[in-house]
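Student: Here is a sequence together with a model predicted from it:
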Amino acid sequence: MWIRPIPIPIPIAQTLLLSASIVRPLSSRTKARRVSVLSQNESAGAMEVAGSDSDGKEFNNAQEMWREQIGPEGEEQKKTQWYREGVAYWEGVEASVEGVLGGFGCVNEADIKGSEAFLSILLHERFQNGGKSQHLVALDCGSGIGRITKNLLIRYFKEVDLLEPVSHFLDAARESLSLENHIAPDMNKATNFYCIPLQEFTPDAGRYDVIWVQWCIGHLTDDDFVSFFKRAKVGLKPGGFFVLKENIARSGFVLDKEDRSVTRSDLYFKELFHKCGLHLYKMKDQKGLPQELFAVKMYALTTDVPKKVHNTRSKVKANRPGIIK
């Protein structure tokens with residue numbers, strides 16, 4: 001896949017979609033564009049589906065948009081073209097932090113800081129001693145040039161595998177991370193570099209403690225989103241979890257016709273998580289990004305039903321992860 005953009009919508013008039021450099025394989029660019037975002041009332045338990053594309057065209061629901069983009073179910077030609085054009089977009093982007101972040105390299109520091117704070121909490125809650133005494137392994141999906149692996153994951157995991165469909169991004173990641181491996185061969189390292197798109201990847205069973213998916217899942221259709229996570233679940237060790245970090249539409253969705261990606265709302269995501277059979281363990285907003293960008297959320301997802309956590313001081317239930325309904 002490709003590094004997924006961190007779009008940046010400004011009220012209806014202009015919007016920039018920027019991708020997560022190094023971060024995920026599905027998108028890494030930023031183009032000024034006009035985007036009309038529909039608002040609608042949210043009904044309990046129903047997916048918020050009305051949305052628009054980067055030309056301002058409005059759709060009544062996601063199914064209508066997907067029929068236009070990839071054709072009816074069973075028609076693979078248009079879906080193949082959807083993915084081909086998405087990868088082609090990123091193949092024209094420079095293999096640098098500025099390139100993969102769509103000209104917004106300035107968000108790199110805030111992004112890594114926010115991710116590290118979230119990851120640190122998760123590791124201490126899920127693993128004894130924060131996992132420091134364990135051989136933890138992570139998968140960086142949509143790794144791009146290895147921005148997230150190099151600046152974050154490799155400091156917490158003994159091994160990190162990178163998954164990226166754009167070959168020149170992955171080559172840049174391999175070169176950058178191999179230098180670090182050479183300097184400290186006995187330390188944490190990047191182990192495998194897979195040049196494979198998300199929708200075609202199946203991990204080795206029970207290899208990963210954490211599967212990190214950032215700024216790339218928007219390139220997947222809804223069906224492939226669900227099938228990816230169902231396959232990827234097999235790759236988690238007992239107690240392992242997913243972290244999904246993505247741009248969030250205010251409501252419904254926003255289709256970027258240029259790089260073939262969809263920015264979904266929080267409600268849209270939660271409906272898909274439910275279809276994947278995943279449980280929402282913890283959620284947090286990313287802070288410190290420019291106001292003109294889309295909001296960004298981090299989701300920690302588990303295959304097991306989260307257990308109750310009690311506050312021993314006040315005997316009041318602490319923040320209890322909720323099951324997506």
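Tutor: Structure received.

Student: Show me the shaky parts of the stretch 51-200 of the chain.
Tutor: Within the stretch 51-200 of the chain, the stretches with pLDDT under 70 are 74, 179-186.

Student: the helices in it, which residues?
Tutor: All helices of the stretch 51-200 of the chain, identified by DSSP state H, counting those that start in this stretch, fall at 62-70, 76-91, 97-100, 108-126, 147-151, 167-183.

Student: and of those, who's closest to residue 212?
Tutor: Residue 212 lies closest, by CB to CB, to one member of those: helix 147-151, at 6.7 Å. Backbone N, C-alpha and C define where each C-beta goes, glycine included.

Student: for that closest one, the distance to its chain's centre please.
Tutor: In this view, helix 147-151 has its centroid 14 Å away from the chain centroid, taken as CA atoms, centre = their mean, to the nearest Å.

Student: how about that helix as CSV, C-alpha atoms only?
Tutor: These are the backbone C-alpha positions of helix 147-151, laid out as CSV (Å, rounded to 0.1, in the frame of the first residue of the first chain):
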residue,chain,number,x,y,z
ARG,A,147,9.7,7.4,9.4
ILE,A,148,7.7,5.8,12.2
THR,A,149,9.9,2.7,12.6
LYS,A,150,13.1,4.8,12.8
ASN,A,151,11.7,7.5,15.1
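
Student: who does that helix touch, helix- and strand-wise?
Tutor: Counting contacts by 3 or more CB pairs under 8 Å, 6 or more residues apart in numbering; DSSP states H and E, helix 147-151 packs against helix 108-126, helix 167-183.

Student: hang on, the earlier thing: I'd like the helices of the stretch 51-200 of the chain written out as JSON lines, with distance to residue 244 and mean neighbour count added.
Tutor: As requested, the helices of the stretch 51-200 of the chain are exported to JSON lines (distance: least, CB to CB, whole Å; neighbours: other CB atoms under 10 Å):
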{"stretch": "helix 62-70", "distance to residue 244": "18", "mean neighbour count": "17"}
{"stretch": "helix 76-91", "distance to residue 244": "18", "mean neighbour count": "17"}
{"stretch": "helix 97-100", "distance to residue 244": "18", "mean neighbour count": "25"}
{"stretch": "helix 108-126", "distance to residue 244": "11", "mean neighbour count": "17"}
{"stretch": "helix 147-151", "distance to residue 244": "13", "mean neighbour count": "26"}
{"stretch": "helix 167-183", "distance to residue 244": "20", "mean neighbour count": "17"}
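
Student: right, so of those, which gets closest to residue 207?
Tutor: Set against residue 207 and scored by CB to CB, the helices of the stretch 51-200 of the chain come closest in helix 147-151, at 15.7 Å.

Student: these two touch, right, residue 90 and residue 164?
Tutor: No: judged on CB atoms under 8 Å, residue 90 makes no contact with residue 164 at a distance of 9.3 Å.

Student: what are the bridge partners for residue 53, then?
Tutor: In this structure, residue 53 bridges to residue 255 when assessed by DSSP bridges.

Student: my guess is it meets residue 257, correct?
Tutor: Yes: contact criterion CB under 8 Å: residue 53 and residue 257 qualify, at 5.5 Å.

Student: which of these two has more neighbours?
Tutor: Ranked by neighbour count (other CB atoms under 10 Å), residue 53 and residue 257 place residue 53 first, with 21 against 13.
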